[in-house]
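> with the sequence up front, the predicted model follows.
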Amino acid sequence: MIHKIKYGIYPNPLPDAEGNTTYQVRHMPEGTMSEKTFLAHLQYHNTYNTVMMRSSLSVLKDEIVEQLRNNMRFRIDGIGTFQMKVGLKTQYDEEGNPIKPHFTDPDAITANDVEVQGVSFTPDPSFVKALKDMTSTRNKYGRGPAGKNKPYTREQVVAFLDEYLKEHHSITRKQMEFGLNITAYRAQKWLDKLTAEEPPKYYCEKQGATYVYYPCGTEE
């Protein structure tokens, strides 16, 4: 069976050196298989003990976190290697706008300026090969139009946010990015615009390193 890739064609936010708009292609996921769905999938298609599988996944997640905390990389043969990502903490101006950290003296950087920012994953070459095998670069839904980041109207964006917030109560930039199938740049521009309006329809709260958006008139 040949699996066809679903992709979209997107304009890059910045022009090239000659001022031309350039384009990129990105995979367009059709959803996310959660742990619950994965276990149900295993139970339906195989004879695996899902209770044992759930316990194994829990142990694996805890062990990855533990080893990364101990400054170790964590490698799973045939899958890939996980490694902790650290970086400089984002700073904020008096109005709460993020400022890129700027140090000209390396000795001025202390532990208080550093934070865990995520996890990087390097796939094993055999894992990538398995993904490429039996996979066609012919788009599942045809070649999508150039400039897939279609210009949503304010009404369309607000309708999406209102519907999403009815169920989830809050949204992040990344969730909006995936929900509307737009770039991170465009998602952030819309969120900045809608929270700056008078009166604003939404407001923002910082939770750790993430900005979370809520409809006005609600409590976190």
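In hand now; what should we look at? Numbers count the residues shown, from 1 in each chain.
> what pairs with the nearest residue to Tyr164 once chain neighbours are set aside across the strands?
Counting by Cβ to Cβ, 6 or more residues apart in numbering, the nearest residue to Tyr164 once its immediate chain neighbours are dropped is Ile171, at 5.7 Å. Yep, even glycine has a C-beta here, placed from its N, CA and C like the rest. Beta-bridge pairing for Ile171 (DSSP bridges): Tyr213.
> what sits against Val119?
Counting by Cβ atoms under 8 Å, 6 or more residues apart in numbering, Val119 makes contact with 68, 82-85.
> how about Arg54?
35, 39.
> where's Met72, which helix or strand?
Following DSSP states H and E, one finds Met72 outside all helices and strands.
> burial count for it?
Residues near Met72, counting by other Cβ atoms under 10 Å, number 13.
> centroid-nearest residue for this structure?
Central residue of the chain (Cα atoms, centre = their mean): Lys174, 5.2 Å from the mean position.
> that one: what's it in contact with?
184, 187.
> look up how far Glu198 lies from it.
27 Å (Cβ to Cβ, to the nearest Å).
> ok, back up a step: which members of the contacts of Val119 are positioned in strands?
Judged by DSSP state E, the contacts of Val119 include 82-85 as members of strands.
> what helix or strand is the residue nearest to the centre of the chain on?
helix 173-180.
> that helix: what's the following helix or strand?
Next in sequence after helix 173-180, counting helices and strands by DSSP H and E, comes helix 184-196.
> run through the helices of this protein in chain order.
Assigned by DSSP state H, the helices in the chain fall at 35-45, 50-69, 125-132, 154-168, 173-180, 184-196.
> just the CA atoms of the fourth one, as PDB, please.
Backbone C-alpha positions of helix 154-168 (Å, rounded to 0.1, in the frame of the first residue of the first chain) are rendered in PDB as follows:
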ATOM      1  CA  ARG A 154     -11.700  39.100  11.100                       C
ATOM      2  CA  GLU A 155     -15.200  37.600  11.200                       C
ATOM      3  CA  GLN A 156     -13.800  34.100  10.200                       C
ATOM      4  CA  VAL A 157     -11.000  34.300  12.800                       C
ATOM      5  CA  VAL A 158     -13.400  35.400  15.500                       C
ATOM      6  CA  ALA A 159     -15.900  32.700  14.600                       C
ATOM      7  CA  PHE A 160     -13.100  30.000  14.900                       C
ATOM      8  CA  LEU A 161     -11.900  31.400  18.200                       C
ATOM      9  CA  ASP A 162     -15.400  31.600  19.700                       C
ATOM     10  CA  GLU A 163     -16.200  28.000  18.700                       C
ATOM     11  CA  TYR A 164     -12.800  26.700  19.900                       C
ATOM     12  CA  LEU A 165     -13.100  28.600  23.200                       C
ATOM     13  CA  LYS A 166     -16.600  27.200  23.900                       C
ATOM     14  CA  GLU A 167     -15.000  23.800  24.300                       C
ATOM     15  CA  HIS A 168     -11.500  24.500  25.400                       C
END
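> what sits up against it?
Contact partners of helix 154-168, identified using Cβ under 8 Å, 6+ apart, comprise 171, 175-176, 179-180, 190, 194, 201-202, 214-215.
> before we move on, the earlier item: nearest to Ile99, out of the helices of the chain?
Ile99 sits nearest to helix 184-196 of all the helices of the chain, at 15.2 Å, using Cβ to Cβ.
> which of the contacts of helix 154-168 lies closest to Val59?
For the contacts of helix 154-168, the nearest to Val59 is Gln175 (28.8 Å; Cβ to Cβ).
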